[in-house]
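Q: Sharing a model that was predicted from the sequence below.
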Amino acid sequence: DGDGARVLAIGDITDRVRLERQLQDKERLASLGLLAAGVAHEVNTPLTGISSYAQLLLADTNENDPKYRLLKKMEQQTFRASSLVNNLLDLIADRPRAREIVDVEDLITATVALHEDLMKPKRISVHLQTVLRHGDEPPVRVRGNFHDLQQVVTNVLLNARDAVADGGNIWISVAEEGEHVVIRVRDDGKGIAPEIIGRIFDPLVTTKRGQGGTGLGLAISRRLIHACDGEITVANAPGGGAEFSIVLLKVEKTVGSMQ
């Protein structure tokens, strides 16, 4: 009745949510498992042959010969097909990832420097909005795999490059939020269509259909971030463009210690 006692039960469902997320990932990727294994076995061998034949013909063809351009395209397409197969295998692979302590400033600056030349043709400005280290203050660090995290930041950065117009902008910021470090990559492109944004991390979903997009880069990125016990999300930014957020567990700052 109205005077009866009520009991409010509050439980921590973090572990359950994490397990459900892992199960969803496994179910989603299971359907690609046999496909990728079969494709790798059946396609890589003839691809290697075609690529080798193209390279042999290229070696015997003058660069001014009209056939040279066609052979070069043939070679590039074999590389692309081989890359697609390898990306599928990377996506379904369940290999243990090495863990290390990663300096976030080093991660961001090294990744941006690595891709500077890819930004120049479109005259894109990349803005690093956050200075992470002040004087003798210890660096902001996370626990993960440097190579994997660099691949994730690269995938997000190149997606932003493809999304913006000539002379566009990309902003990269880093913030400490409680026990997490959040890397945000925002662009001033057109944003992501509402019918796709909820599935953007699913395998084979791409905003660049017919433009060379495979729909695997962000799916692989999510898998790598989950392997670091982190999360990656995306939202359309106010005023246009998209903003990706990479959330990672922070390693507490301890001067003189790498624990």
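A: Perfect, I can see it now.
Q: Do you have the helices of the stretch 51-200 of the chain handy? List them.
A: Secondary structure of the stretch 51-200 of the chain by DSSP state H, counting those that start in this stretch: the helices cover 66-92, 104-114, 116-119, 146-163, 194-197.
Q: low-scoring stretches of this structure, by residue?
A: Applying pLDDT under 70 to the chain picks out residues 1-15, 18, 21-41, 80, 83-96, 130-137, 203-215, 253-259.
Q: For Gly49, the count of nearby residues, please.
A: A count of nearby residues for Gly49, using other CB atoms under 10 Å, gives 11. Yep, even glycine has a C-beta here, placed from its N, CA and C like the rest.
Q: whoops, I mixed them up, Ile108
A: Neighbourhood size, Ile108 [other CB under 10 Å]: 22.
Q: switch to numbering from 507
A: With 507 as the first residue, the last one maps to Ile614.
Q: Not counting residues beside it along the chain, what's closest to it?
A: Take Ile614 and drop its neighbours on the chain: the residue closest to it by CB to CB, 6 or more residues apart in numbering is Ile678, 6.1 Å away.
Q: so what's Leu613 up against?
A: Residues near Leu613 by CB atoms under 8 Å, 6 or more residues apart in numbering: 652, 655-656, 659.
Q: among the helices of the stretch 557-706 of the chain, which is the most enclosed?
A: Comparing these by mean neighbour count (mean count of other CB atoms under 10 Å), helix 652-669 comes out on top with a mean of 20.
Q: Enumerate every residue touching the residue nearest to Leu620 when sequence neighbours are not counted.
A: When the adjacent residues along the chain are set aside, Leu620 lies closest to Thr660, with 7.4 Å between them (CB to CB, 6+ apart). For Thr660, the contact set (CB under 8 Å, 6+ apart) comprises 617, 620-621.
Q: on that earlier part again, for the residue nearest to Ile614, give me its contacts.
A: The neighbours of Ile678, taking CB under 8 Å, 6+ apart as the test, are 614, 618, 632-635, 663, 689-691.
Q: And for Val523?
A: By CB under 8 Å, 6+ apart, Val523 lies in contact with nothing.
Q: Does it lie in a helix or a strand, and which?
A: Assigned by DSSP states H and E, Val523 belongs to helix 520-565.
Q: Ramachandran angles for Phe707?
A: Dihedral pair for Phe707: phi -90, psi 0, per degrees, to the nearest 10.
Q: how far away is the residue nearest to it when sequence neighbours are not counted from Leu722?
A: Setting aside the residues directly before and after it, Phe707 is nearest to Arg728 in space (CB to CB, 6+ apart), at 4.5 Å. Counting by CB to CB, to the nearest Å, the gap from Arg728 to Leu722 is 11 Å.
Q: swap in Glu682?
A: Distance check for Glu682 against Leu722: by CB to CB, it reads 31 Å.
Q: now Met580
A: 23 Å.
Q: what does Ile614 give?
A: Distance from Ile614 to Leu722, by CB to CB: 23 Å.
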